[in-house]
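>>> Show me how the following folds:
(2 chains)
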Protein chains: 2
Amino acid sequence: MAHNNKPKRKSQNSIMLGIDLGGTKILAAVVDSQGHILGSAKRKTRSERGVKQTIERVARTGLEAISDAGLDLSQIKAVGIGAPGVADYDAGVIEFAPNLVDWVNVPLGPELQNVFHVPVVVANDVDAGTYGEATVGVAQGYNSVVGIFPGTGIGGGIILEGRLWRGERNAAAELGHMVILVDGPMCGCGRRGCIEAVASRTAIERDIVGEIRGGRSSMVSGLIDIETDRITSGILAKLLTEGDDVVRDVVGRAAYHLGVFTGSIVNALDPACIVYGGGLIEACGEYMLPIIRRNTYRHLIRPVDPADLPILEAQLGDHAVLLGAAMLAVDSLSS
Amino acid sequence: MAHNNKPKRKSQNSIMLGIDLGGTKILAAVVDSQGHILGSAKRKTRSERGVKQTIERVARTGLEAISDAGLDLSQIKAVGIGAPGVADYDAGVIEFAPNLVDWVNVPLGPELQNVFHVPVVVANDVDAGTYGEATVGVAQGYNSVVGIFPGTGIGGGIILEGRLWRGERNAAAELGHMVILVDGPMCGCGRRGCIEAVASRTAIERDIVGEIRGGRSSMVSGLIDIETDRITSGILAKLLTEGDDVVRDVVGRAAYHLGVFTGSIVNALDPACIVYGGGLIEACGEYMLPIIRRNTYRHLIRPVDPADLPILEAQLGDHAVLLGAAMLAVDSLSS
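Now for the predicted structure:
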């Protein structure tokens, strides 16, 4: 159903530059219209050196990727870049990016256009990642896709009728700050009970530490500094495999909440499929996804055969954002 | 922002028949493209008499509305009908309508087409009501609108880029069954913590009765049969005005939950405006809407000037569904 309503990709095989500007690293790749990577480059972001310098590092990484592909600048038809903040798509401006030092109203698109001399599309990184999965990733061919990415926080992306739903103010798809438990645990956003405050890696960390401080014993104690409370997704995955009860209970509860939450999203939007990705799922998906799926389907007000509404695991990993940004750039050429 | 992207209404002033098929009554009206009502009729639904008879009553009510307008059948360009169930828009079939006896896979559209000999659009009633408000009601001119209608249950409608978002299986906008309080109160749907289980009139009724049974005194006790627990929206409105503490506490808490819920919806969809309607709001909106508004804006992850994202009170009342259905019928002619 509804698998063939997407914007047409340019039939001729245009070559794009896709960039993922992250808080810690910049990834760039030369990409064709089918999402094949022809060359790539990366470097540290070092946004503390200043906005101008960061944009220069982005440009340099992009140029290196072009060189790595054995191409020259004139062969690039458009540039797409995903950044961790609020993106004004029309103006190409990053309005605010909490993980990039001093990034307020940065005209990233126009600045890069001065370097690359082709159209530049600027997108929110999670939007771009969801779009990547929907166009050249696991959700390829689905008409409407909701992407949910639990990690340190919980990011989201919404694609309807093959196009990114950005909202009226480029503020849509902040799925991590939908409330699932009114008056529940404090969220990093300053409110309570957001799904991010209940089911992100950060929330899991808090709850495991709470269980240990409350007297339960867990192998976590030997693996983390209980003072700083850092528990990586990798440690969680290891202890799930080893059968640590505290970790299984807490991660299981997070997955249960994600399932109820996903059921709510489906009740509201009735998408063709759901994509789950992010650091927590990459590490712990094998344990979490069955719990998420079971509780999603259980919460649907209008029952559906799971095969008709699959909950898929993202497959593009670290390339999702730059591939999605490149695909948004492709689309901008034909619109 | 984004106020001019709607489907074009036919410039010539087409005449439509709009029908609201409800669980207890059928309303029909002849409507022009601007939403003016030229004539109307109504009768009881009496769905217990059978599906065929109910469709005949619908047809008869429609013909009476045409006659009331001083027109004849040949002047009607299309028919739109909203029904309280799952509508397959393409086939014109009501798949299931819990409040109409034996309505399972009823080909309402084709049946009415045999009577009226013009295109018939079949819609879910809340979808139609939201569309009415967005086209000829309080949200006219807004590009994307979320309608929330608390009453016995809580209905929802989603309009994006001027068009109804029906989802991939005509199952979208079941906003009443989004979970706001995991493991919270039991919902009529058999799950827990849906917003409908926390903030509908039915939930308010349950909580007021609980408070009274727990020993608090309320003027409600003198107005309802505490055995049947029925508390109408009218009684709630009266006791809010008279300052009944129990009613104010419980209705206030429902409004608080609706506000948090609405904030979540905005964080997900970033619409141009929100419309609140339904029996509970019609009766108690003056008390509830300020609380809903305050808590909505407080929960937005990206703050917005309330004037730029108004939370409006529905204005079409009992005519919303038939007007929206008529407007969907207008649109079907030009698509």
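>>> and the helix ranked longest in chain A, what does it pack onto?
If you go by DSSP state H, chain A has its longest helix at helix A:245-269. Helices and strands touching helix A:245-269, as assessed by 3 or more Cβ pairs under 8 Å, 6 or more residues apart in numbering or on different chains; DSSP states H and E, comprise strand A:145-150, helix A:196-199, helix A:201-213, helix A:233-241, strand A:273-276, helix A:279-298, strand B:154-160, helix B:245-269. Backbone N, C-alpha and C define where each C-beta goes, glycine included.
>>> A:Leu312 belongs to a strand?
Yes - counting by DSSP: H, G, I helix; E, B strand; the rest coil, A:Leu312 is part of a strand.
>>> residues in contact with it?
If you count contacts by Cβ atoms under 8 Å, 6 or more residues apart in numbering or on different chains, A:Leu312 has them with A:Glu133, A:Val138, A:Ala139, A:Cys273, A:Ile274, A:Val275, A:Tyr276.
>>> Closest one of the residues you listed to A:Ile212?
Proximity of the contacts of A:Leu312 to A:Ile212 (Cβ to Cβ) peaks at A:Tyr276, which lies at 27.6 Å.
>>> Looks like the closest one contacts A:Ile292 (just checking).
Yes - the pair A:Tyr276 and A:Ile292 qualifies as a contact (Cβ atoms under 8 Å) at a distance of 6.7 Å.
>>> what is in contact with these two at once?
Counting by Cβ under 8 Å, 6+ apart, the residues touching both A:Tyr276 and A:Ile292 are A:Ile311.
>>> how close does A:Gly156 get to A:Ser74?
As defined by Cβ to Cβ, to the nearest Å, A:Gly156 lies at a distance of 37 Å from A:Ser74.
>>> typed the wrong thing, it's A:Gly22
Using Cβ to Cβ, one gets 28 Å for the distance from A:Gly22 to A:Ser74.
>>> who's more crowded, the two?
For A:Gly22 against A:Ser74, the residue with the higher neighbour count under other Cβ atoms under 10 Å in any protein chain shown is A:Gly22, and the figures read 20 against 9.
>>> give me every residue that touches the more buried one.
Contacts for A:Gly22 were tallied using Cβ under 8 Å, 6+ apart; they are A:Thr45, A:Pro84, A:Asn99, A:Asp125, A:Val321.
>>> which one among these gets closest to chain B?
If you rank the contacts of A:Gly22 by distance to chain B using Cβ to the nearest Cβ, A:Pro84 comes first, at 14.2 Å.
>>> isn't the closest one right next to A:Ala128, touching?
No - when contacts are counted by Cβ under 8 Å, A:Pro84 is not listed as touching A:Ala128 (10.4 Å).
>>> Of these two, which one has the most company?
Each of A:Pro84 and A:Ala128 had its neighbours counted (other Cβ under 10 Å), and the higher figure belongs to A:Ala128 (31 against 21).
>>> remind me which residues of chain A are low pLDDT?
Along chain A, segments meeting pLDDT under 70 span A:1-12, A:225-229, A:335.
>>> Go ahead and flag the most central residue of it.
To find the centre residue of chain A, average its C-alpha atoms and take the closest one (Cα atoms, centre = their mean): that gives A:Val126, at 3.5 Å.
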